[in-house]
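K.L.:
Sequence and predicted structure are below.
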Amino acid sequence: MTAPNKDSSEFDLVILGGGPAGYTAAIKGALQGFKVAVVEKARIGGACINRGCIPTKALWGTALELERLKHLKKHGIAIDGKISFDFGVAIDRQFGIIDQMVSTIRGRMERLGVKVFQASAKVLSKEPFKIAITADEGFRTELTARFLFVATGSRPSETDVLKADHEHILTTDDIVLMRELPDTLTIVGGGVVACEFASILSKFGVRIHLLEHSNQVLSAMDPEIVQLLMQRFSKEGIRIHLHSKVAKVEVREDGEQAVKLHLDVQNKTETLLTDKVLLAIGRKPNSDDLGLETIGVQTTPRGHILVDDRLETHCRGLYAGGDVVGGQMLAHKAWYDAGIAVGAMCGSEAKTDYNTVPGAIFTIPEMASVGLQPDQARQKGINVAIGKFFYAENSQAMCIGETEGLVKAVVDRDTGRVVGCTMIGHDASNLISEVALAMSAGLTANDIAETIHPHPTLSEMVWESFLDTQGLSVHKQ
Ligand SMILES: Cc1cc2nc3c(=O)[nH]c(=O)nc-3n(C[C@H](O)[C@H](O)[C@H](O)COP(=O)(O)OP(=O)(O)OC[C@H]3O[C@@H](n4cnc5c(N)ncnc54)[C@H](O)[C@@H]3O)c2cc1C
């Protein structure tokens, strides 16, 4: 890295972190005419592209191909000879996709004149902001900025009992780099990431145990939808252990099933032997060691940076967004935050509204939701109407052989407003966008019902489920 001269070290906007929040803020800032610098200590793309969304979804793509092989016979397709699977090839494909995405984003930033420093950043002072940046090779310099956007993301959580050794006890960062599959993997945690890895890796032949301390995995999701996933997991041989907490972890030097987990299962002690353990117990914000306390930025007890509804901190001109401010830890929420923060820097009055952030879970079959689940809506005093439409009733689902799943619509009976939707089944992650749009535009079930949907498509199920909130579905059995 070459030392910048004074002029090249002064920016309108300096961004700490080059993940989805950071790179989006950089692109949006540059499009507004700001002189922008991004300081990223690892690789542009952040957790999403390098260790999260993209590596997992590349492997999910491979798992889907393996899943489709099961259906070939029904179509009259026979493959003579043995079908084999080379995990190494799948991993190389995954890295290829990551590299392509990183290079696209870097190229976009370069063309817009965004300066990228590969270095660690620490804030020194404010008015104007001074930021010390230190590269691996010991190079150190300072940047100044009118605005600062902190987008340093998050890292995998660990506890005193559940500590990664990165060989037997892995974080999600380790597992996406894995070149060889274990025979048995025990996943600690029953959230989105845990269920995705369980689903994907079981397709590759890994025997999965999943430990969840409460009475349901994916505790924020509609239990009826989760039940359908559990039936599928059970068919695939994925063992779900509910009410199970890890009390102690013992790792033998080597050999098969090197890890012995001591479990507390409703006050009884059980043990489980496994080759590897994946910790999927949440993520911790990267807000420490950034020098933020020295300029009056406050954090929550869990370390999330405190921001107002325009994402400005207590320190004027310093904004934060993405995982580091908490809330839904999703890449598209991080993109959204970047837009709100850069807008605020440019004088926009737009405020954050997270009520219509959709979520997708890339299990097989996939799941997606937006807005409120029926119980959440009832707790808010909404007079709920529910509509359901099963994949087995949809013509395209039959034609493509994807008849497992359900779309469940939630409407405010008094106003007709769309308040939420949850679904499980093929392409749910794409189908949910229509409902997100309806919700952010404040539309009603009638608006969806009166919209002409193409036939035969899976999107008809969204239409049918909202018709069903009034008992008006056409193709329901
Ligand atoms: C396994 C997994 C799967 C996921 N799948 C999905 C998915 O399918 N869909 C989805 O929407 N979300 C998914 N996520 C979540 C998603 O990855 C995050 O919500 C998203 O990356 C957050 O973006 P961010 O910009 O806030 O932070 P990050 O992506 O974490 O980026 C922060 C960046 O800041 C850098 N940084 C930190 N400290 C400093 C410093 N002091 N100086 C300089 N740079 C610094 C880091 O190196 C990092 O590159 C997944 C996450 C995981 C772990």
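P.N.:
Noted; the coordinates are in hand. Numbering: from 1, shown residues only.
K.L.:
and the stretch 1-150 of the chain, which residues reach the ligand?
P.N.:
Contact residues, the stretch 1-150 of the chain versus the ligand (CB under 6 Å from any ligand atom): 16-22, 39-42, 46-48, 52-53, 56-57, 120-121. (Each C-beta comes from the backbone N, C-alpha and C, glycine too.)
K.L.:
Could you do the stretch 251-400 of the chain as well?
P.N.:
Residues of the stretch 251-400 of the chain lying near the ligand (CB under 6 Å from any ligand atom): Asn286, Leu290, Gly322, Asp323, Val324, Met329, Leu330, Ala331, His332, Ala334, Phe362.
K.L.:
Now tabulate those residues in TSV and tack on secondary structure.
P.N.:
As requested, these are arranged in TSV below (DSSP: H, G, I helix; E, B strand; the rest coil):
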residue	secondary structure
Asn286	coil
Leu290	coil
Gly322	helix
Asp323	helix
Val324	helix
Met329	coil
Leu330	coil
Ala331	helix
His332	helix
Ala334	helix
Phe362	coil
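K.L.:
out of those, who's nearest Glu402?
P.N.:
Checking those against Glu402 with CB to CB, the nearest one is Phe362 at 15.0 Å.
K.L.:
Could you give the backbone dihedrals for the closest one?
P.N.:
phi -90, psi 60 (degrees, to the nearest 10).
K.L.:
isn't it right next to Ser429, touching?
P.N.:
Yes: with contact defined as CB atoms under 8 Å, Phe362 counts as touching Ser429 (6.8 Å).
K.L.:
Of these two, which one has the most company?
P.N.:
Phe362 (24 against 17; other CB atoms under 10 Å).
K.L.:
That one - nearest residue in space that isn't next to it in sequence?
P.N.:
Leaving aside its chain neighbours, Phe362 sits nearest to Trp60 (4.6 Å; criterion: CB to CB, 6 or more residues apart in numbering).
K.L.:
Unless I misread the structure, that neighbour falls within a helix.
P.N.:
Yes: assessed by three-state DSSP, Trp60 belongs to a helix.
K.L.:
ok, it - contacts?
P.N.:
Residues near Trp60 by CB atoms under 8 Å, 6 or more residues apart in numbering: Glu196, Ser199, Ile200, Phe362, Ile364.
K.L.:
hang on, the earlier thing: out of the residues of the stretch 1-150 of the chain next to the ligand, which are buried?
P.N.:
Buried subset of those (neighbour count, 16 or more other CB atoms under 10 Å): 16-22, 39-41, 46-48, 52-53, 56-57, 120-121.
K.L.:
Neighbours of Glu349, how many?
P.N.:
So Glu349, with other CB under 10 Å, has 7 neighbours.
K.L.:
With adjacent residues omitted, what lies nearest to it?
P.N.:
Excluding the flanking residues, the one nearest Glu349 by CB to CB, 6+ apart is Arg310, at 7.8 Å.
K.L.:
right, and the one you found touches Met345 too?
P.N.:
No: counting by CB under 8 Å, Arg310 sits too far from Met345 to count as a contact (9.3 Å).
K.L.:
What's the ChimeraX syntax to select whichever of the contacts of Trp60 are buried?
P.N.:
To isolate the buried ones among these in ChimeraX, judged by 16+ other CB under 10 Å, type:
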select :196,199,200,362,364
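K.L.:
just the contacts of Trp60 now: which is nearest the ligand?
P.N.:
Closest approach between the contacts of Trp60 and the ligand, by CB to the nearest ligand atom: Phe362, at 5.8 Å.
K.L.:
Helices - which of the contacts of Trp60 land there?
P.N.:
Glu196, Ser199, Ile200 (DSSP state H).
K.L.:
Mark which of the buried ones among the residues of the stretch 1-150 of the chain next to the ligand are part of helices, please.
P.N.:
Per DSSP H, those map to helices at Pro20, Ala21, Gly22, Gly46, Ala47, Cys48, Cys53, Thr56, Lys57.
K.L.:
What is the burial count for Val474?
P.N.:
Counted with other CB under 10 Å, Val474 comes out at 11.
K.L.:
Make 18 the starting number, not 1.
P.N.:
Yes, from this point I'll number from 18; that puts the last item at Val491.
K.L.:
In three-state terms, label it for me.
P.N.:
Secondary structure state of Val491, per three-state DSSP, is coil.
K.L.:
Report pLDDT for it.
P.N.:
Val491 carries a pLDDT value of 96.
K.L.:
And Glu273, by the same measure?
P.N.:
pLDDT recorded at Glu273 is 79.
K.L.:
can you tell me which residues contact it?
P.N.:
For Glu273, the contact set (CB under 8 Å, 6+ apart) comprises Asp200, Asp292.
K.L.:
Could you look up the SS state of it?
P.N.:
Three-state assignment for Glu273 (three-state DSSP): coil.
K.L.:
My guess is Ile44 contacts Val133. True?
P.N.:
No: Ile44 is beyond contact range of Val133, at 11.9 Å (criterion: CB under 8 Å).
K.L.:
shared neighbours of these two, which are they?
P.N.:
Residues within reach of Ile44 and of Val133 at once, by CB under 8 Å, 6+ apart, are Met126.
K.L.:
what's the closest non-adjacent residue to Ala361?
P.N.:
Nearest non-adjacent residue to Ala361, counting by CB to CB, 6+ apart: Arg327, 4.1 Å away.
K.L.:
got the contacts of Trp77 as JSON lines, with distance to Glu287 columns?
P.N.:
JSON lines is the format used below for the contacts of Trp77 (distance: CB to CB, whole Å):
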{"residue": "Glu213", "distance to Glu287": "26"}
{"residue": "Ser216", "distance to Glu287": "24"}
{"residue": "Ile217", "distance to Glu287": "26"}
{"residue": "Phe379", "distance to Glu287": "30"}
{"residue": "Ile381", "distance to Glu287": "29"}
